[in-house]
Each structure stands twice: as structure tokens, then as C-alpha cells.
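Colleague: take this sequence and fold it.
(one chain, ligands or ions: 1)
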Amino acid sequence: METQSKTTVPTLYEWAGGMEKFEAWTRLFYQRVNEDPILEPVFRGMSPEHARHVAHFIAEVFRGPTTYSDTEGSHYEMIHHHMGKNLTEVQRRRWVNLIQEAADEVGVPDDPEFRSALVGYLEWGSRLAVINSNTDTIGEAVDAPMPKWGWGETGGPYIST
Ligand code: HEM
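Modeller: Next up, the predicted model:
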């Protein structure tokens, strides 16, 4: 539904509530991951910075500050983190469920438009993570730009690299 003019449409980052909200969200999410029988073994030994890095990554994709790519990694490095992990659909599905439950708990906006964009991103990103975790080559260039996510649709069919 068109409710605002194009010039006043906030980014997903702004609508979500800024960096404090992203950090609170992923902090709670990875606490839940640590208590989860399916995901705890996957993330056992993860770095103490993991939750913040994922917050900064998603915030940047949602057109927030470039904290992740300035100081913490790149899209290529994020892909690299998943390689060799041999993630499964069962693990992915639990990851997507828990991160949405954490979003509810910390008060990430739950309006239909925002959640549609959010779930679209989480599905897209998590399915790519599973694909990348089960390959030994990265199709992306080392200097590939960070993805950008907006309010709209995916823009086209999946193309395997
Ligand atoms: C939108 C989806 C996802 C995003 C944006 C994402 C983002 C990231 C980022 C930024 C890192 C690096 C963190 C760091 O620098 O410390 C990472 C690592 C990792 N991710 Fe993901 N991820 C996604 C989906 C998943 C899923 C679905 C799983 C498993 C079910 C997963 C498992 C892992 C693991 C095991 C690591 C390495 C952890 C460690 O040992 O430090 N990711 N992810």
C-alpha cells in the first residue's frame, strides 16, 4: 500500500530502530542459539563478537552504517565464514525461526510491510548460507559489494554461479 511519498520512505535500518535495536536483537538471538539443541553444536566456540558482527552485517544490508565492511569483514568474508560448515535445512529452518522469535521479543517492528521484507531477507540469506556451506568455491569476487535490501521484491530468479 502506498502511504508515503518516495522522498520520505525510511530505510529498513531506520524503520527497524537503528543499531541498538539490531545489536539487542542478535544478542538475544545467539543466547537462544546457545540453548538450542539443534544449533548449539553448530555455533559452539563462536567468537564473542559474532552477535555484534551479524547485527552490523544485517544493518548494513538494510542500508544502515557501513560498520561491518569498514572494520569487520566483507561480503566475501561473510561467505567464507560459512564454507565447510555443511549446514542442513533443519539447522537453517531453526535459525530462521529463532531469529524471528528474538525479533518479536526485543520489539523489532512487526508491521506487515517490514516483516515481509525482513522474512524475505532472512530466507534469501539463510538459503545462500546453506548453499555456501556446502561448496568449496566462492562464486563472488573478493571485492563483491555488500548486498542491499529494500522494501520491494527480489528482482528476478535465482541464478547459480
Ligand atoms: C541472513 C542469513 C545470515 C547472515 C546475514 C549471516 C551472517 C554471518 C556473519 C556476518 C558471520 C561472520 C561473523 C563474524 O565475523 O564473527 C557468520 C558466520 C557464521 N554463520 Fe552465518 N549468517 C546467516 C545465516 C546462517 C545460518 C542459517 C547458519 C546456520 C544454520 C549460519 C551459521 C554460521 C556459522 C556457523 C558461522 C561461523 C561462526 C564462528 O565460528 O564464528 N549462518 N554469519
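
Colleague: what ranges does the protein have for its helices?
Modeller: Under the criterion DSSP state H, the chain contains helices at 12-16, 19-34, 40-43, 50-61, 67, 75-82, 89-106, 112-133.

Colleague: going by proximity to the ligand, name the top residue of the protein.
Modeller: Across the chain, no residue is closer to the ligand than Gly125, which sits at 2.3 Å (Cβ to the nearest ligand atom). For every residue, glycine as well, the C-beta is placed using N, CA and C.

Colleague: tell me the contacts of that residue?
Modeller: Contact analysis of Gly125 by Cβ atoms under 8 Å, 6 or more residues apart in numbering lists Val61, Pro147.

Colleague: relative to Gly45, how far out is it?
Modeller: With distances taken as Cβ to Cβ, to the nearest Å, Gly125 is found 22 Å from Gly45.

Colleague: neighbours of Ile131, just the number please.
Modeller: Using other Cβ atoms under 10 Å, Ile131 is surrounded by 16 other residues.
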